[in-house]
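1. Coordinates only, no sequence provided:
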């Protein structure tokens with residue numbers, strides 16, 4: 001009996017942000033083609049009190065399919081998985097999305113660090129991490145881990161960020177390869193992330 005082939009290691013683009021991040025995420029996703037051969041995982045800090053309309057808002061800005069993440073969903077090319085309010089989103093060793101309701105990290109859930117650290121530790125394929133406008137330090141440790149694991153890390157620059165806390169913290173942690181104006185982030189992603197023919 002022939003050995004079972006390992007599933008193809010899919011490229012993951014992880015995008016994280018907080019205050020000012022929704023508009024920035026719309027711009028980034030709007031610059032990515034429907035044929036993107038990568039799975040996009042998005043975390044924006046939101047209040048957990050109401051059902052999230054974020055997937056619908058983002059879906060109007062992009063040609064990619066946008067879904068709220070569900071536990072045990074496989075990574076899929078051309079799909080944007082948005083973390084639901086009040087749940088951490090991570091990727092396990094089987095390249096599957098997991099949702100977790102454990103304690104807050106940096107006073108938030110979902111946490112950028114939880115996602116990024118899981119990618120650095122578990123993801124077998126290429127990874128691009130992007131830190132957009134936001135307050136606080138969430139994402140700084142995770143971006144440094146992604147970079148150490150061989151991934152590429154981009155941060156939105158101060159001039160185009162409504163709030164520079166998250167990008168600035170990632171830069172100070174030494175985990176950022178490029179600091180870019182918002183409109184240059186999607187083109188930079190496409191330098192690394194494949195596009196299906």
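-> Nice, I can see it. Note that this is a predicted model, so its numbers are computed, not measured.
2. which parts of the helix-or-strand element of the chain with minimal mean pLDDT are buried?
-> Scoring the helices and strands of the chain by mean pLDDT, DSSP states H and E places helix 54-59 at the bottom, with a mean of 95. Using 16 or more other CB atoms under 10 Å as the test for burial, helix 54-59 gives 54-55, 58-59. In this view, the C-beta of every residue, glycine as well, is placed from N, C-alpha and C.
3. Looking at the residues you listed, which is nearest residue 68?
-> residue 55 (4.9 Å; CB to CB).
4. Next up, the contacts around that closest one.
-> 66-68, 80, 82 (CB atoms under 8 Å, 6 or more residues apart in numbering).
5. Now the two most distant members of those residues.
-> Pairwise over the contacts of residue 55, using CB to CB, the maximum falls at 68 and 80, 10.0 Å.
6. Share the number of residues neighbouring residue 31, please.
-> Residue 31: 18 surrounding residues under other CB atoms under 10 Å.
7. where's it relative to residue 22, distance?
-> 15 Å (CB to CB, to the nearest Å).
8. picking up where we left off before, pick out whichever of the buried residues of helix 54-59 sits closest to residue 157.
-> residue 58 (21.8 Å).
9. low-confidence ranges in the chain?
-> 1-7, 49-51 (pLDDT under 70).
10. mind running it again at 50?
-> Regions of the chain meeting the criterion pLDDT under 50 are absent.
11. ok, residue 107 touching residue 136?
-> Yes - contact criterion CB atoms under 8 Å: residue 107 and residue 136 qualify, at 7.4 Å.
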